[in-house]
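> Turn this into a structure:
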Amino acid sequence: MEFTVTGTHSPRTRRHQRTQQAILDAARAIISREGVGALSMRAIAERIDYSPAGLYEYFDGKDEIIAAVCDEAFDQLTQALRSTDPTLPPWEFLRECGVNYVRFAIENTDAFLLMFTNAPLAAPPNAPAEAMLRQSPAFMVLYDAVQRCVDAGVFTPQPEYDTLAMAITCWQMVHGMAMLAVTMLRTQPPDLDAHRRSLEVLYAGIAAR
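The predicted structure is shown next:
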């Protein structure tokens, strides 16, 4: 969620948007340096020289600020995946989407961890997993990349393993690699080529089904 300031808005609206963005920027800085546990309305207010009570004009509380920070991060992840070269052959495009997923996690570690520990995807009660996943634009980039492979005849869906199931497999793989890269393997030099090779093995397995 990016609060874009445009010339079509009144000065009051632009000031409101700038303050909203300043609040989110301050929240990200606090989380990055001290962790989400250090985030509070008072800490944010002190950082932007604002009154704690005044922040409630913009957000209902800390939880809504965290959700907004996560929304921005999910948007950025989606853009990172969409930046993959669309002229690549289908299976290479899917592979590079996965590499970009891991790259985003490595380059935005604090935001990535926050996204998946404080803002789980929401779905109506008892809704199928597909309904939840289709709410995620980032997941849908991976899904569309898998569909390109299906359309090109690289992957062959089966009744028990359709395009959605393939996309979930790919997401599980890239997300697992990303989480390991920013947690247990955080002190190791990033090796995107190693992730690329792992994805090639996975996709070869899917293609061979």
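
> list the contacts for Asp110?
28, 31-32 (Cβ atoms under 8 Å, 6 or more residues apart in numbering). C-beta here means a position set from N, CA and C on the backbone, and glycine is covered the same way.

> Neighbour-wise, give me the winner out of those.
The member of the contacts of Asp110 that has the most neighbours, counting by other Cβ atoms under 10 Å, is Ile31 with 21 neighbours.

> which residues in this structure form strands?
Remark: no strands are assigned in the chain by DSSP state E.

> Okay, domains of it per the record?
Domains of the chain are assigned by automatic domain parsing as 11-59, 71-207.

> Mind putting those domains into TSV with distance to Ile65?
Output for the domains of the chain, formatted as TSV (distance: least, Cβ to Cβ, whole Å):
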stretch	distance to Ile65
domain 11-59	5
domain 71-207	11
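
> Tell me where the longest helix sits in the chain.
Ordering each helix of the chain by length in residues (DSSP state H) puts helix 11-34 first.

> remind me which residues of the chain are low pLDDT?
Where the chain drops to pLDDT under 70, the residues are 1-9, 119-129.

> Now do the residue most central in space within it against Phe112, distance only.
In the chain, the centroid-proximal residue (Cα atoms, centre = their mean) is Phe74; its distance is 3.4 Å. Remark: distance between Phe74 and Phe112 (Cβ to Cβ, to the nearest Å) = 10 Å.

> could you list every residue that touches the residue nearest to the centre of the chain?
By Cβ under 8 Å, 6+ apart, the residues touching Phe74 are 115, 119, 136-138.

> Determine which two of the residues you listed are furthest apart.
Greatest spatial distance among the contacts of Phe74 (Cβ to Cβ): Ala119 and Pro137, at 14.0 Å.

> Looking at those two, which one has more neighbours?
Each of Ala119 and Pro137 has its neighbours counted (other Cβ under 10 Å); Ala119 has more, 17 against 14.

> Relative to the whole chain's centre, how far out is the longest helix of the chain?
Its chain's C-alpha centre lies 20 Å from the corresponding centre of helix 11-34 when counted by Cα atoms, centre = their mean, to the nearest Å.

> Could you tell me how many residues sit around Arg196?
Neighbours around Arg196, by other Cβ under 10 Å: 15.

> How about Asp191?
Applying other Cβ under 10 Å, we find 12 other residues in the vicinity of Asp191.

> Tell me who's in contact with it.
Residues counted as contacts of Asp191 (Cβ under 8 Å, 6+ apart): none.

> how close does it sit to Gly176?
Remark: distance between Asp191 and Gly176 (Cβ to Cβ) = 15 Å.

> What about Pro86, how many residues nearby?
When neighbours are defined as other Cβ under 10 Å, Pro86 has 9 of them.

> separation between it and Cys97?
Counting by Cβ to Cβ, the gap from Pro86 to Cys97 is 10 Å.

> and if you look at Asp85?
Asp85 is 10 Å from Cys97, where distance means Cβ to Cβ.

> Compare those two (neighbour count), which wins?
Applying other Cβ under 10 Å to Asp85 and Cys97 shows that Cys97 carries more neighbours, namely 24 against 8.
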